[in-house]
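>>> only geometry, no sequence info:
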């Protein structure tokens, strides 16, 4: 893990210096689970972690933090592919000029899923699809900041996943709250917003699940889930199994 060097990234808030000095950044494989908390995929990312309390899944030692933050997806992809030992799909963010450099390792037998972001234009996406056609590379799409998720209907290559947020500011999520307990209204909402996507074989990831409330809110529409609360639940279940509680 790399020490959180504030000077390298131009951070100057002295009030937080002591807190940051007690933390490190490290690479993590973030679990994506179904309703029963079975892990169906991992997404590679970096997190700020407390010293001596958490361990990184892959180290960032030796990387200049200014370069890391200038092009995080490049380094995260490379290190994640070098260190991944799982068997479920691995989701990697791809918003650099080269979505998946040929020099990066490809773990044998692992399905790689490239997460494409909302600002990528259609010409760029067409180039990505053409570049990796026939290589077994899958795709995931992230909705934009306004909660728009119409992308799958614009492309010939259907994504494996689409990520949506439980953000209450999005009208569709407010409707989930307003229609709670009304099966007819919830069914109409599902038919309008989500069924066309699911009918294409696309699985919906509810991301940013920060609480059980978020989890319950998104259960009627999402197939799989991820977020800090999900990661905590996965960790606690592993502890229970290790201790013979299950």
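Noted; the coordinates are in hand. The model shown is predicted, which means the values in this text are computed figures rather than measured ones.
>>> pull up the per-residue confidence for the most centrally placed residue in the chain.
Centroid-nearest residue in the chain: residue 43, 4.9 Å away (criterion: CA atoms, centre = their mean). Listed pLDDT for residue 43 reads 96.
>>> neighbours of the spatially closest residue to it that is not a sequence neighbour, how many?
Spatial nearest neighbour of residue 43, chain neighbours left out: residue 91 (4.0 Å); criterion: CB to CB, 6 or more residues apart in numbering. All C-beta spots, glycine's among them, are computed from the backbone N, C-alpha and C. Counted with other CB atoms under 10 Å, residues neighbouring residue 91 total 28.
>>> re earlier: so the residue nearest to the centre of the chain touches residue 226, yeah?
Yes. In this structure, residue 43 is within contact of residue 226 by CB atoms under 8 Å, at 6.5 Å.
>>> now list whatever residues contact both of these two.
Common contacts of residue 43 and residue 226 (CB atoms under 8 Å, 6 or more residues apart in numbering): 30, 32.
>>> can I assume residue 28 sits in a strand?
Yes. Residue 28: assigned to a strand according to DSSP: H, G, I helix; E, B strand; the rest coil.
>>> hmm, residue 60 and it touching each other?
No. Using CB under 8 Å, residue 28 makes no contact with residue 60, being 10.7 Å away.
>>> common neighbours of those two, please.
Common contacts of residue 28 and residue 60 (CB under 8 Å, 6+ apart): residue 46.
>>> strands paired with the helix or strand containing residue 91, and their directions?
Taking DSSP states H and E as the definition, one finds residue 91 inside strand 90-93. Here strand 90-93 is paired, per DSSP bridges, with strand 39-50 (parallel), strand 112-116 (parallel).
>>> now what about the longest one, what contacts it?
Counting contacts by CB under 8 Å, 6+ apart, the residues outside strand 39-50 that touch it are 1, 4, 22-34, 55-56, 60, 68, 72, 76-77, 79-80, 84, 86, 88-93, 113, 115, 161, 224, 226, 234.
>>> and the next element down the chain from that strand?
Immediately after strand 39-50, counting by DSSP H and E, sits helix 65-70.
>>> list the buried residues for that next one?
Buried residues in helix 65-70, counted by 16 or more other CB atoms under 10 Å: 65, 68.
>>> please enumerate the helices of the protein.
17-21, 65-70, 72-83, 122-131, 171-178, 183-189, 195-198, 212-218, 228-242 (DSSP state H).
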